[in-house]
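Peer 1: predicted model follows, preceded by the sequence.
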Amino acid sequence: MSSRYSRVLLYPHPWVIALGLIILPGLWLWGVELAQAESNANPGDILIVEVNADPASAGGFVEPGDEFFELYNNSGATINLTGWTVNDNGSTTMTLPNINLEAGKLLVVAHANINFALYGCTGANTPLSYLPSTWFNGNLANTNDRLILRDNLATVIDGLSYGTDTSVLNPAAPAVFDNSGVSLQRRTYNTAFVDTDTNADWTGSTGAGTPCDVSPTAVTLQSFSTQPTTWPLLLLVVVALLVGGTAVIKRKTDNR
């Protein structure tokens, strides 16, 4: 009498499925918390470097649809912005998503309806950007407003106030918004960024401000990606559960 195995069936045991439903969500949440913990930075590591609160209506721009501001990584390392917030002097709190901002790179944060083509941003010159679903109380004020950037632990990393708002800078940065499209920029914008936490850091742009003039020397556009911290671990756990808990049924057929 001889025997052979005619078929081998592999399937996850019910306890593997149950354990996976418990472990995997926990690992995912742990990964989100870890990404947020890694996003901590020191004041001045991320700078607000340009604000355009009053795009020129004569050029076809509209408010608030073409408003924007720019963030620059002034540190020597990649910083994750998960859970970071930006506030103006209204009630709106903008929460940044899972973005890795590399050292020496810019991130354009703009109204969801911004017309990059109208700004002249085309092809390789089109900025990679974050377009939040909610803007600041409808728009950024032209004569008195502020922007305050906080990390995920609510530590103030950078901020400015302009016009008659002296809550961050006193005296405040100049109110340059006059419907000409001029933006408020840090001095020596696009090659280096002065940061003394005073109004002397700020001046009006030469000509109309634009979110797509970020290519010379020290500054390049930021390509951001999601934080992949726990995906390799999640994959390893899935494979281990499947291999370790797989039930093998061998149906034996006797040949007489």
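Peer 2: Good, I have the coordinates. For clarity, every value in this text was computed on a predicted model and none was experimentally measured.
Peer 1: so where's the stretch 1-150 of the chain uncertain?
Peer 2: Applying pLDDT under 70 to the stretch 1-150 of the chain flags the ranges 1-21, 23-40.
Peer 1: which parts of it are helices?
Peer 2: With DSSP state H, counting those that start in this stretch as the criterion, the stretch 1-150 of the chain has helices at 14-37.
Peer 1: tell me where it has strands.
Peer 2: Here the stretch 1-150 of the chain has its strands, by DSSP state E, counting those that start in this stretch, at 2-12, 46-52, 68-73, 79-80, 85-87, 93-95, 100-101, 105-110, 129-130, 144-150.
Peer 1: tell me the strands beside the third one, with direction?
Peer 2: Applying DSSP bridges to the sheet, strand 68-73 is found paired with strand 46-52 (antiparallel), strand 105-110 (antiparallel).
Peer 1: for A124, which of the ones you listed is the nearest?
Peer 2: Closest approach to A124 among the strands paired with strand 68-73 (CB to CB): strand 105-110, 14.6 Å. To be clear about C-beta, it is placed using only N, CA and C from the backbone, and glycine gets the same treatment.
Peer 1: so that closest one versus strand 144-150, what angle?
Peer 2: On the basis of axes from the mean of the first three to the mean of the last three CA atoms, to 10 degrees, strand 105-110 is oriented at 130 degrees to strand 144-150.
Peer 1: so how far is L101 from A77?
Peer 2: Separation of A77 from L101 (CB to CB, to the nearest Å): 10 Å.
Peer 1: please apply the same query to V49.
Peer 2: According to CB to CB, V49 stands 12 Å off from L101.
Peer 1: what touches both of these two?
Peer 2: L71 (CB atoms under 8 Å, 6 or more residues apart in numbering).
Peer 1: list the contacts for L147?
Peer 2: For L147, the contacting residues are 48, 51, 69, 86-88, 140, 159-160, by CB under 8 Å, 6+ apart.
Peer 1: correction: the previous question concerned F136.
Peer 2: In this structure, F136 makes contact with 64, 88, 90, 92, 94, 145, judged by CB under 8 Å, 6+ apart.
Peer 1: repeat that for M94.
Peer 2: Counting by CB under 8 Å, 6+ apart, M94 touches 85-87, 109, 132, 134-136.
Peer 1: now those in a markdown table, with distance to T198?
Peer 2: Listed next are the contacts of M94 as a markdown table, based on distance: CB to CB, whole Å:
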| residue | distance to T198 |
| --- | --- |
| T85 | 24 |
| V86 | 21 |
| N87 | 21 |
| V109 | 24 |
| P132 | 29 |
| T134 | 31 |
| W135 | 28 |
| F136 | 24 |
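Peer 1: pop the domain breakdown of this protein in here.
Peer 2: Following automatic domain parsing, one finds the domains of the chain at 2-35+230-255, 41-226.
Peer 1: tell me which of those sits most buried.
Peer 2: By mean neighbour count, with neighbours taken as mean count of other CB atoms under 10 Å, domain 41-226 ranks first of the domains of the chain at a mean of 18.
Peer 1: now do the contacts for Y72.
Peer 2: Contacts of Y72 by CB under 8 Å, 6+ apart are 46-49, 104-107, 193, 219.
Peer 1: do the same with T164
Peer 2: Neighbour list for T164: 143-144, 172, 175 [criterion: CB under 8 Å, 6+ apart].
Peer 1: reformat these as a markdown table; add distance to T203.
Peer 2: What follows is the contacts of T164, written out as a markdown table (distance: CB to CB, whole Å):
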| residue | distance to T203 |
| --- | --- |
| T143 | 17 |
| N144 | 18 |
| A172 | 13 |
| A175 | 12 |
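Peer 1: can you pick out the most distant pair from those residues?
Peer 2: Farthest pair in these (CB to CB) is T143 and A172. Separation: 10.3 Å.
Peer 1: list residues touching both of those two?
Peer 2: Joint contacts of T143 and A172 (CB under 8 Å, 6+ apart) are 163-164.
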